[in-house]
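# Okay, here's the prediction I keep looking at, along with the sequence it came from:
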Amino acid sequence: MIRWNILTLCLWLLALVLVGWILAQLPLGDIAVQLGQLSWSDWLQWTLVNIAILYLAVKRWQLLGRALLVPLSLARLFRLRQGGSAVSFLTPGPHFGGEPLQLYWLYRHCETPLHRAVAMLGLDRFMETGTNIAVLLAGVLLLLGTTILPVQEWLQITAILAAVLCAMVVGLTLVLRHPDWLARRFSPLAVRLQGVTGHSSKAQDESDMGGWKALVELLRNALSKRQPTLWLALLLSLAGWGALLLELWLLLNLLGLTPSVTDILLIMVGMRLAMLLPVPGGIGTIEASLLWSFQYLGLPISAAVGLIALIRLRDLLVLLVGLACLWSFHRPMVPVKEPVKKPASAE
């Protein structure tokens, strides 16, 4: 735990140093001028697009929950998702980190059986990560086809993305087709963890195996009997990417730019690749990727400054919403007092 805290602190310091160095190179005086030129209708359009992005992500999770027989409301799932996202933003890597808390909330506050909670959270993260990797891979391949990028320097990135995507498919196949073999392979690790926590017993092992089998069976039933729901969830995930591209196009237009499709692809791919680095919130890496892509495309650096300001403003607002959701789950629960029944003789 101490080593992890030291690593997190070092990554935060590195991110802040990188941000400081980038800000020292930028004409910060242009930010207020550019933001002041935006009208209320511009802010409204941008707000609506971001609401659509959040809605699509939560609705996808709700559909996956229904496929796994976990019907939860959009409002509750929104709190779950944004509260976990706030934790993920503050930990190394802006994509992961809040899952343990989300799993706990599903189990404790939503009264979801543990194997269903694990399946619901795991399937959502698998679909989101798989979609992100697949769209990034498609974006890089499209850019390579336009000769806007040097092929040799980006082939390595293409190979890494393809390898990660293949590994995810192989992992899902093993879980669904060979769960017993997979359980045997990981049983030594489970025994070690139980030995460290001091909860190793034959009854515990049997309980864990029963939960694992229930989890696999639940996933199998969802994939075999509820395919239309899963396909709709996948379409929503792709629609979320479409909304992200729409947001980027809108922001660039608000800053006075008329980018081509390849320009938008390059900027988006650079940003998303920067977010894969283990830096909290992509702080420093996103800024560096935007400066690189704008210089590479010959776009004005002042527009990059404005885009960075707008993106970080959005991140701050979303983080505040996530922290509010996080706080709502950590409020002390007030016990409900049962009404005192009068004795029969008193009636």
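Here it is on my side, so go on. Numbering: from 1, shown residues only.

# Specify the local secondary structure of G281.
Under the three-state scheme (DSSP: H, G, I helix; E, B strand; the rest coil), G281 adopts helix.

# neighbours around it, how many?
By other C-beta atoms under 10 Å, 21 other residues sit near G281. Just so you know, the C-beta spots here come from the backbone N, C-alpha and C atoms, and that holds for glycine as well.

# And the pLDDT at it?
We note a pLDDT of 73 for G281 in this prediction.

# Kindly report the same for A32.
Per-residue pLDDT puts A32 at 65.

# Likewise for L248?
Per-residue pLDDT puts L248 at 95.

# What of A344?
Predicted confidence (pLDDT) for A344: 47.

# what does V151 give?
72.

# Give the other helices and strands that the one helix or strand A159 maps to contacts.
Per DSSP states H and E, A159 falls inside helix 151-177. For helix 151-177, the elements it packs on are helix 114-145, helix 179-197, helix 202-225, judged by 3 or more C-beta pairs under 8 Å, 6 or more residues apart in numbering; DSSP states H and E.

# per-stretch mean pLDDT over those, give me the minimum one.
helix 179-197 (a mean of 56).

# I figured G306 hits L35, correct?
Yes: counting by C-beta atoms under 8 Å, G306 touches L35, with 6.9 Å between them.

# Comparing the two, which residue is more hemmed in?
Per other C-beta under 10 Å, whichever of G306 and L35 has more neighbours is G306, with 25 against 16.

# For I267, see how far away L307 is.
Between L307 and I267 the computed distance is 8 Å (C-beta to C-beta, to the nearest Å).

# Kindly report the same for L155.
For L155, the distance to I267 (C-beta to C-beta) stands at 21 Å.

# okay, the two: which has more neighbours?
For L155 and I267, the more surrounded residue by other C-beta under 10 Å is I267, and the numbers stand at 26 against 13.

# Who's the closest spatial neighbour of that one, skipping the chain neighbours?
Distances taken as C-beta to C-beta, 6 or more residues apart in numbering put S293 closest to I267, at 4.8 Å, once the chain neighbours are dropped.

# what do you get for L56?
G240 (4.3 Å).

# so the helix or strand where the one you found lies versus helix 114-145, what angle?
Assigned by DSSP H and E, G240 belongs to helix 227-254. With axes from the mean of the first three to the mean of the last three C-alpha atoms, to 10 degrees defining the directions, helix 227-254 sits at 50 degrees from helix 114-145.

# moving C-terminal of helix 227-254, what's the next helix or strand?
Past helix 227-254, the next helix or strand by DSSP H and E is helix 261-275.

# Please identify the buried residues of the helix or strand just after that next one?
Using DSSP H and E, the helix or strand that follows helix 261-275 in sequence is helix 285-297. Buried positions in helix 285-297, judged by neighbour count with 16 or more other C-beta atoms under 10 Å: T285, I286, E287, A288, S289, L290, L291, S293, F294.

# How about stretch 255-265?
For stretch 255-265, a neighbour-count test (16+ other C-beta under 10 Å) marks L255, L257, P259, T262, D263, I264, L265 as buried.

# pLDDT averaged over it - what is it?
Per-residue pLDDT over stretch 255-265 has a mean of 90.
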